[in-house]
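J.: I'll drop the sequence and a predicted model, then ask my questions.
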2 protein chains.
Amino acid sequence: MGAAPGAILAVGGAEDKVKKRAILQRFVREAGGRSGRIAIVPTASSIPEERASFYSEVFGQLGAGDCVHVPIVTRRDAQLVANAELVRSCSGVFLTGGDQTRLVSVLAETRSFEAIRTGLVAGGVVAGTSAGASAFSATMIVGGQTGLNLRRDSVRLGTGLGIITRLIIDQHFSQRDRLGRLLAAVASEPAKLGVGIDEDTAIVYYGNGVIEVIGTGQVFILDAARVVVNGLGDAPKTRPFSISEVALHVLTDGDRFNVVERRVMGADEGPSEEEKSPRRVASAETA
Amino acid sequence: MGAAPGAILAVGGAEDKVKKRAILQRFVREAGGRSGRIAIVPTASSIPEERASFYSEVFGQLGAGDCVHVPIVTRRDAQLVANAELVRSCSGVFLTGGDQTRLVSVLAETRSFEAIRTGLVAGGVVAGTSAGASAFSATMIVGGQTGLNLRRDSVRLGTGLGIITRLIIDQHFSQRDRLGRLLAAVASEPAKLGVGIDEDTAIVYYGNGVIEVIGTGQVFILDAARVVVNGLGDAPKTRPFSISEVALHVLTDGDRFNVVERRVMGADEGPSEEEKSPRRVASAETA
């Protein structure tokens, strides 16, 4: 990837693809617009070629300079030097929706994944929608139950790509009624922030630990760092468990959240120097 | 009502009436058991006589000394001295489910309501299920939308009986997916605690400001007292609004919450002197 200013975009799925398309427009712009080149990685999808050509057309309409389909279906594909080079030639990478377990099992720790990570360090842009957004987490939500019920088996967790280690990302959040499972996830890992992203809504995550919300829906942030009571460990599977002092934030378009300080930023807090300059995502993450 | 030690029981609806019946059993016990007398006020219901005879039978099976149906259907009924005297002769009052707007419009500020309030001050027990629980609030949830969407019109608020002024009570909470509307309610009145009670679950509210949770489900408490961002006032009806720093507690059977200090109590914090002695609910409320 080039040196274009970039960030990570985690999209809650079902982003507008025909009208204002604010989220996809933002991605194309962050990827360099006319002078940018976008790699579409449809590995999560069960119909990868269709997805790739569909997004390629939309990104073209939105002014992307060039789009390439990176044909990664198997782990062998992800290890091919040619595919890693294809990723490396791009200023932006887009991970489609589908199945996050498929995506991670194929992509994790391969040459193509290293190309994505290296591009991020160099200031590239990576976007993922739906399953592609979930896969950014290190602790990844694999599945779970809908609704507000808080039980030991409300959520199933696995290992994700680990591009954003501080967050546990969930998607289609209000639409599929996922508060209970995200709450169960942060009960399990209270050091991480739970981030539930609605459809047609995204977070833009900057290397300095600032999240910006864009789109028409909501982003729920669950912060269990100050939890006093956490009954997860003792609860039998069939009974709900208690948790106290979870901080809940519901954010909408334009809101910004500081992940390091775990607080909403004021409108008067202008963009930091880091937000204005090329990102250093990976280094900030490991700091 | 007599001098039996008492409290307020707000039940989330659909309480077990055929098996263990822990909630109704607790009510009968708090009302004095064999030596107690229970007034059933089925005003919220569209089938009041059926409801009254049904609960009368259940309370009898659970060992209540006596049960009387207080036939309040209209506001005129609620003003009848005979009905107020009937309430006054009882150690416990049970408000059935149905429609909280009907219940409040008939009962508020009548002789029968004053008899309930006087009984509470004297240490009696009042229970309400579903609509009967909602009606305890001063700011009462009248209706609203399901789901996690946080919009200006997510909740419709009205004036309740005001027996528990500090809480905004919602019921059938997880089952009818009501987090969004309760969050919108506390966004509107941040000084009050939002309390969402699941089915077959209840809070027992003591005069000293301690809530105890009983039953098989969950109680969600939303505390907006420390909210920093609250977009309710500026939000157009059609867009979601932001809110930050809401404290969320999910409580289960046996948990206790201090409403005054807005915190979960530890298992090692034994019952206070006030919890062991007759309640002074109304005086605590106005303090």
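T.: Cool, got the structure. Everything numeric here is computed off the predicted structure, so don't read it as measured data.

J.: ok, residue A:23 - contacts?
T.: Residue A:23 sits next to A:9, A:11, A:15-16, A:200-202, A:214-215 when contact means CB atoms under 8 Å, 6 or more residues apart in numbering or on different chains. All C-beta spots, glycine's among them, are computed from the backbone N, C-alpha and C.

J.: One more: residue A:217?
T.: Counting by CB under 8 Å, 6+ apart, residue A:217 has contacts A:12, A:173-174, A:197-201, A:252, B:240.

J.: for those, which one is nearest residue B:90?
T.: Of all the contacts of residue A:217, residue B:90 sits closest to residue A:174, with 44.8 Å by CB to CB.

J.: if we can go back for a sec, of the contacts of residue A:23, which belong to helices?
T.: Among the contacts of residue A:23, no member falls in helices (DSSP state H).

J.: Tell me which two of those sit farthest apart.
T.: A:9 and A:16 (13.9 Å).

J.: Name the residue in those two with the higher neighbour count.
T.: Using other CB atoms under 10 Å in any protein chain shown as the criterion, residue A:9 and residue A:16 rank with residue A:9 on top: 29 against 15.

J.: Specify the beta-bridge partners of the more buried one.
T.: Residues in a beta bridge with residue A:9, per DSSP bridges, are residue A:127, residue A:204.

J.: Contact partners for it?
T.: Contacts for residue A:9 (CB under 8 Å, 6+ apart) come out as A:23, A:26-27, A:30, A:125-128, A:202-205.

J.: Distance of it relative to chain B?
T.: Separation of residue A:9 from chain B (CB to the nearest CB, to the nearest Å) stands at 20 Å.

J.: Help me confirm that residue A:106 comes into contact with residue A:74.
T.: Yes. Judged on CB atoms under 8 Å, residue A:106 makes contact with residue A:74 at a distance of 6.4 Å.

J.: Next, residue A:244: phi, psi?
T.: When quoted as degrees, to the nearest 10, the phi and psi of residue A:244 stand at phi -130, psi 150.

J.: burial count for it?
T.: For residue A:244, using other CB under 10 Å, the count is 22.

J.: Next one: it from chain B, what distance?
T.: 4 Å.

J.: so where's the stretch 151-287 of chain A shaky on pLDDT?
T.: A:270-287 (pLDDT under 70).

J.: what about the helices in it?
T.: Using DSSP state H, counting those that start in this stretch, the helices of the stretch 151-287 of chain A run over A:179-188, A:273-276, A:281-286.

J.: Show me what the longest one is packed up against.
T.: Contact here means 3 or more CB pairs under 8 Å, 6 or more residues apart in numbering or on different chains; DSSP states H and E; on that basis helix A:179-188 packs against strand A:139-144, strand A:155-159, strand A:167-170, strand A:193-197, strand A:219-223, strand A:243-251.

J.: quick one: that helix to helix B:179-188, angle?
T.: 80 degrees (axes from the mean of the first three to the mean of the last three CA atoms, to 10 degrees).

J.: need the residues of chain A near chain B, please.
T.: Within chain A, the positions near chain B by CB under 8 Å from any CB of the partner chain are A:147-150, A:173-174, A:177, A:179-180, A:183, A:216-218, A:220, A:222, A:228-229, A:231, A:239-252, A:255, A:263-264.

J.: for stretch A:47-64, the distance to its chain's centre please.
T.: Remark: stretch A:47-64 is offset 19 Å from the chain centroid, using CA atoms, centre = their mean, to the nearest Å.

J.: likewise stretch A:134-151?
T.: A distance of 13 Å separates the centroid of the chain from that of stretch A:134-151, by CA atoms, centre = their mean.

J.: Start and end of it, how far apart?
T.: Stretch A:134-151 has an end-to-end distance of 21 Å (criterion: CA to CA, to the nearest Å).

J.: repeat for stretch A:98-114
T.: Stretch A:98-114 end-to-end distance (CA to CA) = 21 Å.

J.: what about the residue nearest to residue A:108 when sequence neighbours are not counted, distance to residue A:70?
T.: In this structure, residue A:108 finds its nearest non-sequential neighbour in residue A:161, 5.8 Å apart by CB to CB, 6 or more residues apart in numbering or on different chains. The gap separating residue A:161 from residue A:70 is 15 Å, by CB to CB, to the nearest Å.

J.: Weed out the non-buried ones from the residues of chain A next to chain B.
T.: Buried members of the residues of chain A next to chain B, counted by 16 or more other CB atoms under 10 Å in any protein chain shown: A:147-150, A:173-174, A:177, A:179-180, A:183, A:216-218, A:220, A:222, A:229, A:231, A:239-252, A:255, A:263-264.

J.: now the helices for the stretch 1-150 of chain A?
T.: Under DSSP H, counting those that start in this stretch, the stretch 1-150 of chain A gives helices at A:22-30, A:48-61, A:75-79, A:81-88, A:100-107, A:111-121, A:131-134.

J.: picking up where we left off before, could I get the helices and strands packed on helix A:179-188 as JSON lines with distance to residue A:58?
T.: Below are the helices and strands packed on helix A:179-188 laid out as JSON lines (distance: least, CB to CB, whole Å):
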{"stretch": "strand A:139-144", "distance to residue A:58": "26"}
{"stretch": "strand A:155-159", "distance to residue A:58": "30"}
{"stretch": "strand A:167-170", "distance to residue A:58": "23"}
{"stretch": "strand A:193-197", "distance to residue A:58": "20"}
{"stretch": "strand A:219-223", "distance to residue A:58": "23"}
{"stretch": "strand A:243-251", "distance to residue A:58": "26"}
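
J.: and the residue nearest to residue A:108, what does it touch?
T.: Contacts for residue A:161 were tallied using CB under 8 Å, 6+ apart; they are A:103-104, A:107-108, A:113, A:135-138, A:140.

J.: Out of these, which is nearest to residue A:84?
T.: Of those, the one sitting nearest to residue A:84 (CB to CB) turns out to be residue A:113, at 8.6 Å.

J.: now the residue lying closest to the closest one once chain neighbours are set aside: how far from chain B?
T.: Closest residue to residue A:113 in three dimensions, ignoring its sequence neighbours and counting by CB to CB, 6+ apart: residue A:107, at 5.0 Å. Going from residue A:107 to chain B by CB to the nearest CB gives 30 Å.

J.: contacting residues for residue A:107?
T.: Taking CB under 8 Å, 6+ apart, we find residue A:107 in contact with A:41, A:43, A:72, A:78, A:113, A:135, A:161.

J.: before we move on, what about residue A:172?
T.: Residue A:172 makes contact with A:12-14, A:130, A:178, A:198-199, according to CB under 8 Å, 6+ apart.

J.: ok, back up a step: out of residue A:106 and residue A:74, which sits in the busier spot?
T.: Comparing residue A:106 with residue A:74 by other CB under 10 Å, the one with more neighbours is residue A:106, at 21 against 12.

J.: Number of residues surrounding residue A:105?
T.: 15.
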